[in-house]
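**Student:** My questions concern the predicted model and sequence given below.
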Amino acid sequence: EPEVTQTPSHQVTQMGQEVILRCVPISNHLYFYWYRQILGQKVEFLVSFYNNEISEKSEIFDDQFSVERPDGSNFTLKIRSTKLEDSAMYFCASSEGREGIQYFGAGTRLSVL
Amino acid sequence: AQSVTQLGSHVSVSEGALVLLRCNYSSSVPPYLFWYVQYPNQGLQLLLKYTTGATLVKGINGFEAEFKKSETSFHLTKPSAHMSDAAEYFCAVRNTGGFKTIFGAGTRLFVKA
């Protein structure tokens, strides 16, 4: 069964460093998403991406964050200068259509020291 | 604004007993409703969804949920719990035509032998 894959599974970084989290969505999907889950808190929507542009973003997704689809298969989330409070599990998801089921990856745990 | 409330952060049942995980939502328009399950170190897997039509929806692994508009509820049930059902369960809502999925805080299900 097709699945969303995320790498790495765990990323450790120093505060102020840039990180890039990588995702390979399901191949025929057109809509891509990032969510995050701070330990002990809810899964929160960050951003959705379609046709090479952001279609919706939350208030969390400030100028420190950016997303990109650099080629036909990858979808990335960049955090420009990480803060301690960016430590969380980051989930990538994709869907075939706008109202399609969102399929989630296993997540990348980001630890900012 | 949409929100999801899951009653009970932890639920414990005996193997073979009924599983009932409660979810209430608030939404200004008829939403799409979802239940996701998360096993340790894995991503969010869709159990079932309600979009339109029949209000009783069946999902994978013997789970089902009923959409009750008058009660704004979407409780998840399974007649007989298995040890393998032990996981965290998330109720989620999304507006029709929307990108953002709003998640509840999750309910961790424990199954006792």
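**Tutor:** That came through, no problem.
**Student:** When you work out contacts or count neighbours from here on, use the C-alpha atoms and nothing else.
**Tutor:** Will do.
**Student:** For chain B, what's the nearest residue on chain A?
**Tutor:** Closest residue of chain A to chain B, C-alpha to the nearest C-alpha: residue A:106 (3.5 Å).
**Student:** give me the element that residue is part of.
**Tutor:** Counting by DSSP states H and E, there is no helix or strand that carries residue A:106.
**Student:** what's the answer for the one 3 residues further on, then?
**Tutor:** For residue A:109, the host element (DSSP H and E) is strand A:108-112.
**Student:** avg pLDDT for stretch A:85-93?
**Tutor:** Mean per-residue pLDDT for stretch A:85-93: 96.
**Student:** in it, what counts as buried?
**Tutor:** Under the neighbour-count criterion of 16 or more other C-alpha atoms under 10 Å in any protein chain shown, stretch A:85-93 has A:86-93 buried.
**Student:** Tabulate those residues in JSON lines, adding columns for secondary structure.
**Tutor:** Formatted as JSON lines, the buried residues of stretch A:85-93 follow (DSSP: H, G, I helix; E, B strand; the rest coil):
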{"residue": "A:86", "secondary structure": "helix"}
{"residue": "A:87", "secondary structure": "coil"}
{"residue": "A:88", "secondary structure": "strand"}
{"residue": "A:89", "secondary structure": "strand"}
{"residue": "A:90", "secondary structure": "strand"}
{"residue": "A:91", "secondary structure": "strand"}
{"residue": "A:92", "secondary structure": "strand"}
{"residue": "A:93", "secondary structure": "strand"}
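**Student:** Chain A: strands as residue ranges?
**Tutor:** Assignment of strands within chain A using DSSP state E yields the ranges A:5-7, A:10-13, A:19-24, A:31-37, A:43-50, A:53-57, A:65-68, A:75-79, A:88-95, A:103-104, A:108-112.
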